[in-house]
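Undergrad: this one's structure only:
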């Protein structure tokens, strides 16, 4: 056993991508096992590795962890990306909750019909520019520091950068009204571990395509229509 | 200012109920402000107290906290209901997240159209009986009274809340789960929880027509 965390998921972003980001940001190498067939998934189920029959699953420090938020919180705390005290953790949790909600609008995007995709794109941009980006713009403006919380790099910064890049993939100039976020994006992108993660050849996954959607549907037998929220 | 946490939400369960449960379980008194009109909600937004324009809002220790999970984590951390180390916290987080997924189905149920209600109820029953309850039944086979670290934690509070909420919809749902039945009795008898389960506590009743109407009116897009 290598001692490195091992990620079990599809070969694509989905709910695992935030975990890849955070491990990478923390400079932690990890292995991945990609689910391609129903049989692989059933083997994991039968082996009792999936507490609630779901992936993501991450083997780390002798645990088989499930539930994305639990996994992220553990990694953040272990690698000192969770603030210095309870109050800073509260701020980080609040901010991550917001970016999580925002990325939630994008999560099911690949599974939508072409018509619903157009509608959802507009929803994503509207939520980003009228609810979430203004909130983070204000946080950064009010304290004038480089990072969201406690003048120190944290999980909240990683999560926000991930969200910004994902929304930009849907509308490239979406940051145009947000000078603080533009500067934030440049700053955080140039942190060595993150810069490395953003380069080709890293474990960052590309925008989900039809092949990814097919794989997920096949492995999870998820053939029903997904509606936008 | 009283120093007590102050909760702002509609006068009903929704996303605030787990917060009421956790504060009550920790023996912490709190105040509540109930949203009854759209104007109240719009004023909160205008005053800039809702970071993402949403409730729940909990004013606690000088912070205006939003995001239910963040609020619950803070309370659990503050009142020693979050395990003794990182690994126990990881277990608590995993269990709480699973329970939250189940509770989410119950949360949205009152707002589903009449023709979808039967199907949604079947889904709740299926998930409870085939996914979530078996997982916690298995955890409790460690023979301890509490889910994690032989000590009362946030995970126990969240689970008892979920059990009771599912039982309201499916009365015999615990019939295949002896560990959970015993767990339910044990938790219900803990003094702070027992008090919360009595009439006159801040616990809210199941959502009714009036609650649904109020929520739709306040948050209409």
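TA: Looks like it arrived, so ask away. Owing to the predicted nature of the structure, the values given are computational and were not obtained by experimental measurement. Numbering: from 1, shown residues only, chains lettered A, B, ... in the order given.

Undergrad: Quick one, grab the pLDDT at residue B:221.
TA: At residue B:221, the pLDDT value in this model is 63.

Undergrad: Ok, residue B:81 next?
TA: 98.

Undergrad: which residues touch residue A:71?
TA: A:19, A:56, A:58, A:60, A:65 (C-beta atoms under 8 Å, 6 or more residues apart in numbering or on different chains). Yep, even glycine has a C-beta here, placed from its N, CA and C like the rest.

Undergrad: residues touching the first one, list them.
TA: Read it as residue A:19. By C-beta under 8 Å, 6+ apart, residue A:19 lies in contact with A:7, A:56, A:58, A:68, A:71-72, A:75.

Undergrad: Also the fourth one?
TA: Taking C-beta under 8 Å, 6+ apart as the definition of contact, the neighbours of residue A:60 are A:5-6, A:71, A:74-75.

Undergrad: how near is the closest residue to residue B:184 other than its chain neighbours to chain A?
TA: Nearest non-adjacent residue to residue B:184, counting by C-beta to C-beta, 6 or more residues apart in numbering or on different chains: residue B:163, 5.4 Å away. Distance, residue B:163 to chain A, using C-beta to the nearest C-beta, to the nearest Å: 16 Å.

Undergrad: my guess is residue B:163 meets residue B:174, correct?
TA: Yes. If you go by C-beta atoms under 8 Å, residue B:163 and residue B:174 touch, sitting 6.8 Å apart.

Undergrad: Give me the common contacts of these two.
TA: With contacts taken as C-beta under 8 Å, 6+ apart, residue B:163 and residue B:174 have B:180, B:184 as neighbours in common.

Undergrad: How about the residues of chain B by chain A?
TA: B:51-53, B:61, B:63, B:65-70, B:73-74, B:77-78, B:86-87, B:89-90, B:93-94, B:96-98, B:101, B:131-132, B:135 (C-beta under 8 Å from any C-beta of the partner chain).

Undergrad: again, 7 Å this time
TA: B:51-53, B:63, B:65-67, B:69-70, B:73-74, B:77-78, B:86-87, B:90, B:93-94, B:97-98, B:131-132, B:135 (C-beta under 7 Å from any C-beta of the partner chain).

Undergrad: now the strands for the chain?
TA: I'll assume chain A. A:6-9, A:31-34, A:57-60, A:63-66 (DSSP state E).

Undergrad: nope, chain B please
TA: Under DSSP E, chain B gives strands at B:6-10, B:31-35, B:57-60, B:63-66.

Undergrad: CSV please, covering those and showing mean neighbour count and mean pLDDT.
TA: Shown next, in CSV, are the strands of chain B (neighbours: other C-beta atoms under 10 Å in any protein chain shown; pLDDT from 0 to 100):
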stretch, mean neighbour count, mean pLDDT
strand B:6-10, 21, 97
strand B:31-35, 14, 97
strand B:57-60, 22, 98
strand B:63-66, 20, 98
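
Undergrad: who wins for proximity to residue B:127 among these?
TA: Among the strands of chain B, the nearest to residue B:127 by C-beta to C-beta is strand B:6-10 (25.4 Å).

Undergrad: Summarise which helices and strands the closest one is packed against.
TA: When contacts are defined as 3 or more C-beta pairs under 7 Å, 6 or more residues apart in numbering or on different chains; DSSP states H and E, strand B:6-10 packs onto strand B:31-35, strand B:57-60, helix B:209-219.

Undergrad: try it again with 6 Å
TA: In terms of contacts (3 or more C-beta pairs under 6 Å, 6 or more residues apart in numbering or on different chains; DSSP states H and E), strand B:6-10 is packed against strand B:31-35, strand B:57-60.

Undergrad: Spatially nearest residue to residue A:52, not counting backbone neighbours?
TA: Leaving aside its chain neighbours, residue A:52 sits nearest to residue B:98 (4.8 Å; criterion: C-beta to C-beta, 6+ apart).

Undergrad: From residue B:69, how far out is that neighbour?
TA: Using C-beta to C-beta, to the nearest Å, residue B:98 is found at 13 Å from residue B:69.

Undergrad: of these two, who's got more company?
TA: Counted by other C-beta atoms under 10 Å in any protein chain shown, residue B:98 and residue B:69 do not tie: residue B:98 has more neighbours, with 24 against 20.

Undergrad: that older thread, mark which of the contacts of residue A:19 are part of helices, please.
TA: A:68, A:71-72, A:75 (DSSP state H).

Undergrad: Tell me the gap between stretch B:82-101 and the middle of its chain.
TA: 15 Å (C-alpha atoms, centre = their mean, to the nearest Å).

Undergrad: Quick check: buried residues in that stretch?
TA: B:82-83, B:87-100 (16 or more other C-beta atoms under 10 Å in any protein chain shown).

Undergrad: among the strands of chain A, which is the most enclosed?
TA: Comparing the strands of chain A by mean neighbour count (mean count of other C-beta atoms under 10 Å in any protein chain shown), strand A:57-60 comes out on top with a mean of 22.

Undergrad: in its sheet, what does that strand sit against?
TA: Strand A:57-60 pairs in its sheet with strand A:6-9 (antiparallel), strand A:63-66 (antiparallel), by DSSP bridges.

Undergrad: got TSV for the ones you listed, with mean pLDDT too?
TA: Converted to TSV, these look like this (pLDDT from 0 to 100):
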stretch	mean pLDDT
strand A:6-9	98
strand A:63-66	98
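
Undergrad: how about those strands, which one is nearest residue A:118?
TA: That would be, of the strands paired with strand A:57-60 and by C-beta to C-beta, strand A:6-9, which comes in at 28.0 Å.

Undergrad: Name the residues that touch the closest one?
TA: Applying C-beta atoms under 6 Å, 6 or more residues apart in numbering or on different chains, the external contacts of strand A:6-9 come out as A:16, A:30-33, A:55-59.

Undergrad: quick check, nearest of the residues you listed to residue B:115?
TA: Checking the contacts of strand A:6-9 against residue B:115 with C-beta to C-beta, the nearest one is residue A:55 at 32.3 Å.

Undergrad: What separation do you get for the spatially closest residue to the closest one that is not a sequence neighbour and residue B:83?
TA: Take residue A:55 and drop its neighbours on the chain: the residue closest to it by C-beta to C-beta, 6+ apart is residue A:9, 5.1 Å away. Distance from residue A:9 to residue B:83, counting by C-beta to C-beta: 26 Å.
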